[in-house]
Structure formats: structure tokens, C-alpha cells
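# One predicted model, sequence on top.
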Amino acid sequence: MSENVRHVEDGIALLSLHEVTPAFEDDVVKMLDLLEEMGVGSLTLLVTPFYGLKRVNTFEKSPTFAEYLLSLGHELSLHGYTHVSITGSADEFTGLSPAKVNSRMMFAINMFENAFGKRPVGTVPPRWTAPADLCRISARLNLRYTTIGNDIHLHPSGRTVTTAQLIVSRGKRILDLSKAVMEMELGGALQVALHPVDHRHKHVIDLLNDMTDRLNYRFMGYWEYLRSLV
């Protein structure tokens, strides 16, 4: 392994709530209330500024929601610009040229800053999938980190930290853990992405409780963990 690559510590689960957008405002509030009741004190909120290319889903139309999110004190980072690719799929950056990736990121950051009055800390693309150009572009745009798959790239140091496995909820009644079960039992470092509607799904809540109560995982937002490495 390169000297610039290291593993996230065992027993750490980097926790995020993705698709934070006015389209899911009520569900976001309910999910965050539930996490607070469970004692989760740190997570990353992944904001999609122009969700589904619909103006009604912008924070310009929901300033009170933006104020609420700011009041929580959690890390606010980017989760794409629209969450929609040129083909209509959810992996927004797949197939885009570097120029198109740069354009979407600049639009996203501009809308984010207008909504929250500050720059996003980092970026985690939809489906955790993007061309490698996203790292270079994010660094140039002064973001602190870029996550692609299990690799988390720290800017501007060029260092990378990795997790053992991803658990990404898509807000459905079935959560596929087949690739993650062994790592969970071994205590390997994970990324856990929640969807706003997961407050409705008992299996997701049971998973989070099992991770803390039986497996002794500690949930942390991305930047809370990463800033100790910078």
C-alpha cells in the first residue's frame, strides 16, 4: 500500500444522510429526530442543491429548511448537483466529460453557498460513483475531500483513506448487506449512507442499533474523522 493511503480505523462507521433536499424535507426532519433519539451525535448531511432538475426542490424555495439544517451543527457536504445523469439514472457523473463535471460542481457549489452562506466541506457523488477527474476538480474548488467508492481523497494533501465496505440505503424495504456482513462482524471500517425515508423502515433502525449495541461501532461524520488526519 502506498504511503499516501491508509485505512480508516476499525470500529468506525462514517455515517451520512444522503439526498438532503427540500423534496424530502419532512422525511429528513423525522430521520434526524430519530437519529438524535438513538444517541447519534455526529453524521454528514449530503446536500443535493437542484434535486431532479426541479426548481421547487431548491433551497432558494425553502430557506427555513436551510436554516434548520444549519442550526443542527452537522457537517454539510455535497451529493451531486441534480442526482440525475444525462441518461436519467441516479449516478449523476457517469459518462460526463471533465468539463461537464466541472460545470456541475461549480453550479452545485454556487447554489449551496447561496443557501447556507458557506462552502460545502466535501463531496460524495450519487451512488458513490464518479470519474477520477472529480477529485482534481474538487481540490481546485477548495473542497476538503472527495469520496469515490471506498476511497476518501483528502485535499490538498493527496492522501487517501479507505473503508472496507459501503452500506448504501436506497430507501427501500430491503437493504442488501451481503457484501458487508463479514466486515461488520470483523469490525472493519464502513461507510453507511442513510436515505431520508429510512425512518419508516424498521430493518434500517435495527441495523444501526445492532452496529452500536452488539458490534460496538462508533458513528462519525466524514469531516469529524478526517480533520484529525489533516
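Perfect, thanks for sending it. Predicted model only: the values in this text are computed from it and were never measured.

# Okay, now the unreliable bits of this protein?
For the chain, applying pLDDT under 70 flags the ranges 1-3, 86-88.

# Now the longest helix anywhere in the chain: buried residues?
The residue-count maximum for a helix in the chain (DSSP state H) belongs to helix 98-116. Of all the residues in helix 98-116, those buried under the rule 16 or more other CB atoms under 10 Å are V101, N102, R104, M105, A108, I109, M111, F112, A115, F116. (C-beta placed from N, C-alpha, C; glycine too.)

# Verify the stated contact: the first one with P131.
Yes. Taking CB atoms under 8 Å as the contact criterion, V101 and P131 are neighbours in contact, 6.5 Å apart.

# The helix or strand just after the longest helix of the chain - contacts with which helices or strands?
Using DSSP states H and E, the helix or strand that follows helix 98-116 in sequence is strand 122-123. The helices and strands touching strand 122-123, judged by 3 or more CB pairs under 8 Å, 6 or more residues apart in numbering; DSSP states H and E, are strand 75-78, helix 133-140, strand 145-148, helix 222-226.

# So what touches the helix or strand containing M31?
Element membership for M31 (DSSP H and E) is helix 25-37. If you take CB atoms under 8 Å, 6 or more residues apart in numbering as the criterion, helix 25-37 is touched by 17, 20-21, 43, 62, 65, 68-69, 72, 194, 196-199, 205.

# Drop anything exposed from those residues.
17, 20-21, 43, 62, 65, 69, 194, 196-199, 205.

# Inside strands: which ones of the contacts of helix 25-37?
Using DSSP state E, the subset of the contacts of helix 25-37 located in strands is L17, V20, L194.

# Please dump the residues you listed into JSON lines; it should also carry distance to S138 for every row.
JSON lines is the format used below for the ones in strands among the contacts of helix 25-37 (distance: CB to CB, whole Å):
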{"residue": "L17", "distance to S138": "20"}
{"residue": "V20", "distance to S138": "18"}
{"residue": "L194", "distance to S138": "23"}
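
# Closest one of those residues to A139?
Closest approach between the ones in strands among the contacts of helix 25-37 and A139, by CB to CB: V20, at 23.2 Å.

# Quick check: the closest one touching L70?
No. With the criterion set as CB under 8 Å, V20 and L70 do not qualify as a contacting pair; they are 11.9 Å apart.

# Among the buried ones among the contacts of helix 25-37, which pair sits farthest apart?
With CB to CB as the measure, no two of those lie farther apart than S62 and I205, at 26.4 Å.

# Just the residues contacting the longest helix of the chain, thanks.
47, 49-50, 58-60, 63, 66, 69-70, 76, 78, 80-82, 92-93, 96, 119-120, 123, 130-131, 133-134, 137-138, 141.

# between it and helix 133-140, what angle do the directions make?
50 degrees (axes from the mean of the first three to the mean of the last three CA atoms, to 10 degrees).

# Now, the contacts of helix 25-37 that are in helices?
F65, Y68, L69, L72, I205.

# Out of the residues you listed, which is nearest to Y225?
Proximity of those to Y225 (CB to CB) peaks at L72, which lies at 18.1 Å.

# Can you tell me how far the closest one is from L43?
10 Å (CB to CB, to the nearest Å).

# Switch the buried ones among the contacts of helix 25-37 over to JSON lines; also include distance to W223.
Putting the buried ones among the contacts of helix 25-37 into JSON lines (distance: CB to CB, whole Å) gives the following:
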{"residue": "L17", "distance to W223": "14"}
{"residue": "V20", "distance to W223": "15"}
{"residue": "T21", "distance to W223": "20"}
{"residue": "L43", "distance to W223": "11"}
{"residue": "S62", "distance to W223": "24"}
{"residue": "F65", "distance to W223": "21"}
{"residue": "L69", "distance to W223": "15"}
{"residue": "L194", "distance to W223": "17"}
{"residue": "P196", "distance to W223": "21"}
{"residue": "V197", "distance to W223": "25"}
{"residue": "D198", "distance to W223": "22"}
{"residue": "H199", "distance to W223": "24"}
{"residue": "I205", "distance to W223": "25"}
